[in-house]
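1. okay, here's the prediction I keep looking at, along with the sequence it came from:
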Amino acid sequence: MTNAPVLASVHEAAPVAAAEPLDLIFIEGFVGQTVIGIHDSELHKPQPVAIDVCAGVPRPRACDTDCIADTIDYGELRTRLQRLMVEHGVQLLEALAEQVAQIALYEFHAHWVRVRVSKPHKFDDAAAVGVMIERRRTPHLDAGHRAASTLRLIGAGLVPGGR
């Protein structure tokens with residue numbers, strides 16, 4: 001008997017039916033402390049949550065330019081995950097995974113993303129419990145997402161393009 005994980009890693013398999021080859025940028029094993037859950041025992045103190053993200057982008061120009069601005073900067077994505085651990089405001093891992101996916105797709109411009117979110121050692125007899133999702137960017141949602149982001153900035157008292 002082996003203790004090998006049953007679920008595939010977020011970077012083991014490329015997305016199915018991609019229109020063009022994708023380069024996969026990933027963060028594996030990010031662990032943040034956050035308050036999340038539905039049980040009373042989970043709602044009063046932070047607990048560890050592990051996140052794996054694999055984001056696909058069409059062959060980025062970075063292969064030719066060797067410039068970080070031409071791809072997803074996983075350091076910036078990691079920083080965004082750290083911020084998300086503080087501000088997510090959800091109870092379910094499914095909802096948190098969806099937020100991570102939306103960040104990768106619409107803030108970091110990935111075309112495809114696979115996100116795995118888990119609670120390590122939630123139960124004594126399991127290494128982890130969690131959820132894994134896959135999403136693709138929907139081009140018609142790009143404009144709506146930008147508009148929603150702009151409205152959030154304005155609501156926070158910031159004016160995009162203002163001085």
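-> Right, received. Where do you want to start?
2. can you pull out the helices in the chain?
-> Remark: helices assigned in the chain by DSSP state H are 62-65, 74-87, 93-102, 139-155.
3. lowest average pLDDT across the ones you listed?
-> Mean pLDDT is lowest for helix 139-155 among the helices of the chain, at a mean of 61.
4. contacting residues around the spatially most central residue of the chain?
-> Residue closest to the average C-alpha location in the chain (Cα atoms, centre = their mean): residue 100, at 2.8 Å. Listed by Cβ atoms under 8 Å, 6 or more residues apart in numbering, the contact partners of residue 100 are 51, 53, 81, 84, 113, 115, 117. Backbone N, C-alpha and C define where each C-beta goes, glycine included.
5. change it to 6 Å
-> For residue 100, the contact set (Cβ atoms under 6 Å, 6 or more residues apart in numbering) comprises residue 115.
6. do you know how far it is from residue 79?
-> 13 Å (Cβ to Cβ, to the nearest Å).
7. okay, the nearest residue to residue 67 once chain neighbours are set aside: pLDDT?
-> Counting by Cβ to Cβ, 6 or more residues apart in numbering, residue 61 is the residue found nearest to residue 67 once chain neighbours are left out, at 7.5 Å. Note on residue 61: pLDDT of 80.
8. wait, residue 61 touches residue 68, no?
-> No. With contact defined as Cβ atoms under 6 Å, residue 61 does not count as touching residue 68 (11.0 Å).
9. my guess is residue 52 contacts residue 115, does it?
-> No. The criterion here is Cβ under 6 Å, and residue 52 misses it with residue 115 at 7.2 Å.
10. and these two? Which one has more around it.
-> Per other Cβ atoms under 10 Å, whichever of residue 52 and residue 115 has more neighbours is residue 115, with 26 against 21.
11. that one pairs with what?
-> residue 53, residue 133 (DSSP bridges).
12. list the contacts for it?
-> Taking Cβ under 6 Å, 6+ apart, one finds 53, 97, 100-101, 133 in contact with residue 115.
13. now it: how far from residue 79?
-> In terms of Cβ to Cβ, residue 115 sits 17 Å off from residue 79.
14. neighbouring contacts of stretch 92-99?
-> By Cβ under 6 Å, 6+ apart, stretch 92-99 touches 88, 90, 115, 117, 130-131, 133.
15. before we move on, back to that, give me the buried entries from the contacts of residue 115.
-> Buried residues within the contacts of residue 115, defined by neighbour count using 16 or more other Cβ atoms under 10 Å: 53, 97, 100-101.
16. just to revisit the earlier point, and the contacts of residue 115, which is closest to residue 29?
-> Closest to residue 29 out of these is residue 53 (10.5 Å), distances taken as Cβ to Cβ.
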